[in-house]
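Enquirer: Below is the sequence, then the predicted model.
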Amino acid sequence: MSDSAIEEIKRRLDVVDVVSQTVQLKRSGKSFKGLCPFHTEKTASFYVSPERGTWHCFGCGEGGDVFSFVQRRDNLDFPQTLRILAERAGVELERAARPDPSARERRDRLHAILESAALFYRASLGARQGGAARAYLAEREVAGETADQFGLGYAEPSGRALERHLLQAGFSIEEMVAAGALGQGDDGRTYDRFRERLIFPIRDAEGRAIGFGGRSLKPDQQPKYLNSPQTELFDKGASLYALDLARTAIREARQAVVVEGYMDALIAHQHGFRNVVATLGTSITERHMELLRRLAPEVVLALDADAAGEKATMRGLDVARESLADESPTILWVRGLGRFFGDRRTQVKAIVLPAGQDPDEVIRSDPEVWRRLAIQALPVVDFVLSGLARRHELGTSAGQREAAREAMAVVQDLPDPIERAHYIQRLARLLNTREEFLLQAAETRPRRHSSSPSTPRPIGAPYDERLEEYVLALVLRASGASSSASVPTGRNPAVRTESEARTARGPEPADFDGAAHRAILVQLGELQTWPDPATALERLSQELGAAFETPLARLRTLDEENERLTTEEVVRELRVRTLELRKVRLFRQHQALDSVLRDEADLLDPDERHEYQRRLAHLATNLGHVFDEQRQLGAIGSASWSARRGQEVLGG
């Protein structure tokens, strides 16, 4: 059973019904309130929201969903709570699934087939029959060291030699076809799909071979570029060429540059621009963006300057914007800071290439031009506005209408109202129209985000599942980190705030919204020590059972992606992400309490109203502490919020 069963239980159970078995509740606006069962109080500060399926006490700060309430009330662990509530909801829990060792062994063999094929192609490039491929590389000014680094190869004309080589290595025909090393016709006959092509091995982020790209060497050979088919290992919509070689440089440069072809990426690396990766015959996808934004806060699209390239750039920018919108953690809108993914704002930019040149030609002609282009990459809106005249007939009403629709789709996504106003003024001048007409047109389109800088998302918005999973993966990876590492506060550690001290210890269960994630964190703490993350994950599978199969599988994947981080990087990243989780929690608590004050203003006596205002101010102060700590860690891009946090959070 996956974690979707947990959501099914939540859908079937009314949190008010469950809580009312313990707490006497009275309706209060859209919510129910009563005396908190977890601490002594005379004034009801315990609220249950049936719409959101949550509960929260503004006195002791406890809160959560139906799972956390029963777990806290009955002093149970999560698996026990899960079984009780599943029975009550009529949801059947599946038996625990154990990892299949044969599946891992199969994937290892598929990787081995492709590694063996890559070596065979590499040897063929240096043989007599590889002369045409070597001549092509010389013409494109590819150095021998670069060819070695990227493992370039050649597929000989007969198309049978690779099969013989792999058979002698001990692999079966079935395995070769499954790996994508060989093609197979309807009649069952196999063939080398890349024969007479220059070979570009494609590797995953860990450097493991997952497929190949082949470049034709004859004018009449079509298509010019050919990729491996979709396989268990290879998906071109989720793979980026040269990512294994570029990953470290992307982190260091804090910028990932995406080009369109193998040769563009290869030449960029040869000239020292090692933060460059290439798509594989597709526009950039959401899965590409997911890979890149984990590495850098800035993604730059640099595609060919022709009309097709510009269209691809526009599609890529649209996908990038949509993926950033959909994947943001509850899309926190904070005045002056904009929208963040994790701890840092992700910017998408585009390089405007010289007419008629692709990145390969620009770099070989003058590397300094490319360096300037990367530095001067245009933000999304500027790029869109700069190309409107090329893409639309602005002298006609129809062309102006289409241009306005395209531009406003991007402009209205901007979180900063001043920035939005600036671009609307520019667009109005460009289209020779009035700003109010553009605003009216924008109002007829549904906004991509339900939030705005002055209107935070409601407290009931879905929690950031990906961020919580990532924090858990960092907890796993940090298990061997030195406990003496400290948060760089920039002041005497002796005056560390309570919040900072908790951040140094890592996340707490209360920082997580996901019931399964809280249970995993608690269980990790109870495991005490473990020799490695893989052992901890196996122990978790045994302890928590089948309901955690899906979150633990994702946790395993995320942990593997963190394997190459140093201890210091893991410790710092964990503290940064813990602060982000805490920021989300405090922000939601503030929203909930503010909502209570608005909905029940006429029902509260002056003392109660004063107490709630005091708690609002306390939450605002705590939020300010979180932002202070984020800035001290270099995890936030602006200091403007903290200076006026009391007025802004309280709406003053």
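Expert: Nice, I can see it.
Enquirer: Give the other helices and strands that the lengthiest helix in the chain contacts.
Expert: Using DSSP state H to define each element, the chain has its longest helix at helix 567-599. Counting contacts by 3 or more C-beta pairs under 8 Å, 6 or more residues apart in numbering; DSSP states H and E, helix 567-599 packs against strand 46-49, helix 465-477, helix 498-505, helix 606-632. C-beta coordinates here come from the backbone N, C-alpha and C atoms, glycine included.
Enquirer: angle of that helix against helix 465-477?
Expert: 140 degrees (axes from the mean of the first three to the mean of the last three C-alpha atoms, to 10 degrees).
Enquirer: average pLDDT for helix 567-599?
Expert: For helix 567-599, the mean pLDDT works out to 76.
Enquirer: Begin at 754, not 1, for the rest of this chat.
Expert: In the new count, where the first residue is 754, that last one comes out as helix 1320-1352.
Enquirer: Centre of the chain to it, how far?
Expert: Chain-centre distance of helix 1320-1352: 18 Å, with C-alpha atoms, centre = their mean, to the nearest Å.
Enquirer: What of stretch 984-999?
Expert: Distance, centroid of stretch 984-999 to centroid of chain: 16 Å (C-alpha atoms, centre = their mean).
Enquirer: Residue 914: what's it in contact with?
Expert: The contact partners of residue 914, by C-beta atoms under 8 Å, 6 or more residues apart in numbering, come to 873, 877, 945.
Enquirer: Out of these, which sit inside strands?
Expert: Members of the contacts of residue 914 lying in strands (criterion: DSSP state E): none.
Enquirer: Of these - the most surrounded one?
Expert: Among those, residue 945 has the most neighbours (other C-beta atoms under 10 Å), with 23 neighbours.
Enquirer: Excluding residues flanking it in the chain, which one is nearest that residue?
Expert: In space, and not counting its chain neighbours, residue 945 is closest to residue 912: 4.0 Å by C-beta to C-beta, 6 or more residues apart in numbering.
Enquirer: need the contact list for that neighbour.
Expert: Taking C-beta under 8 Å, 6+ apart, one finds 944-945, 948 in contact with residue 912.
Enquirer: Point out the one among the helices and strands packed on helix 1320-1352 that comes closest to residue 767.
Expert: strand 799-802 (9.8 Å; C-beta to C-beta).
Enquirer: The residue nearest to residue 945 - that's part of a helix, no?
Expert: No - read with DSSP: H, G, I helix; E, B strand; the rest coil, residue 912 is coil and lies in no helix.
Enquirer: Next, give phi and psi for it.
Expert: Here is the backbone geometry of residue 912 (degrees, to the nearest 10): phi 80, psi 10.
Enquirer: So it versus residue 955, what's the distance?
Expert: 20 Å (C-beta to C-beta, to the nearest Å).
Enquirer: swap in residue 817?
Expert: For residue 817, the distance to residue 955 - C-beta to C-beta - is 44 Å.
Enquirer: Please apply the same query to residue 797.
Expert: 61 Å.
Enquirer: do residue 1173 as well
Expert: From residue 1173 to residue 955 the distance is 41 Å (C-beta to C-beta).
Enquirer: So for these two, which residue has more residues nearby?
Expert: Per other C-beta under 10 Å, whichever of residue 1173 and residue 955 has more neighbours is residue 955, with 26 against 20.
Enquirer: what number of residues lie near the residue nearest to that one when sequence neighbours are not counted?
Expert: Nearest residue to residue 955, sequence neighbours excluded (C-beta to C-beta, 6+ apart): residue 964, at 4.4 Å. When neighbours are defined as other C-beta under 10 Å, residue 964 has 26 of them.
Enquirer: Just the element for residue 964, please.
Expert: strand 962-969 (DSSP states H and E).
Enquirer: Parallel or antiparallel, list what pairs with whichever helix or strand comes after that strand.
Expert: Remark: after strand 962-969, the chain's next helix or strand is strand 978-980, criterion DSSP H and E. Strand 978-980 has the following sheet partners, assigned by DSSP bridges: strand 962-969 (antiparallel).
Enquirer: Can you mark which positions in stretch 1033-1053 are buried?
Expert: Using 16 or more other C-beta atoms under 10 Å as the test for burial, stretch 1033-1053 gives 1033, 1035-1038, 1041-1042, 1044-1053.
Enquirer: tell me how far that stretch is from the chain's mean position?
Expert: Worked out by C-alpha atoms, centre = their mean, stretch 1033-1053 lies 9 Å from the chain centre.
Enquirer: now residue 838, nearest residue through space, not along the chain?
Expert: Residue nearest to residue 838 in three dimensions, not counting chain neighbours: residue 762, with 5.3 Å by C-beta to C-beta, 6+ apart.
Enquirer: so who does that neighbour touch?
Expert: Residue 762 touches 819-820, 835, 838-839, 842, 844, counting by C-beta under 8 Å, 6+ apart.
Enquirer: Just send these back as a markdown table, with pLDDT too.
Expert: As requested, these are arranged in a markdown table below (pLDDT from 0 to 100):
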| residue | pLDDT |
| --- | --- |
| 819 | 89 |
| 820 | 89 |
| 835 | 85 |
| 838 | 89 |
| 839 | 86 |
| 842 | 82 |
| 844 | 81 |
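Enquirer: ok, these vs residue 1121, which is closest?
Expert: residue 820 (58.4 Å).
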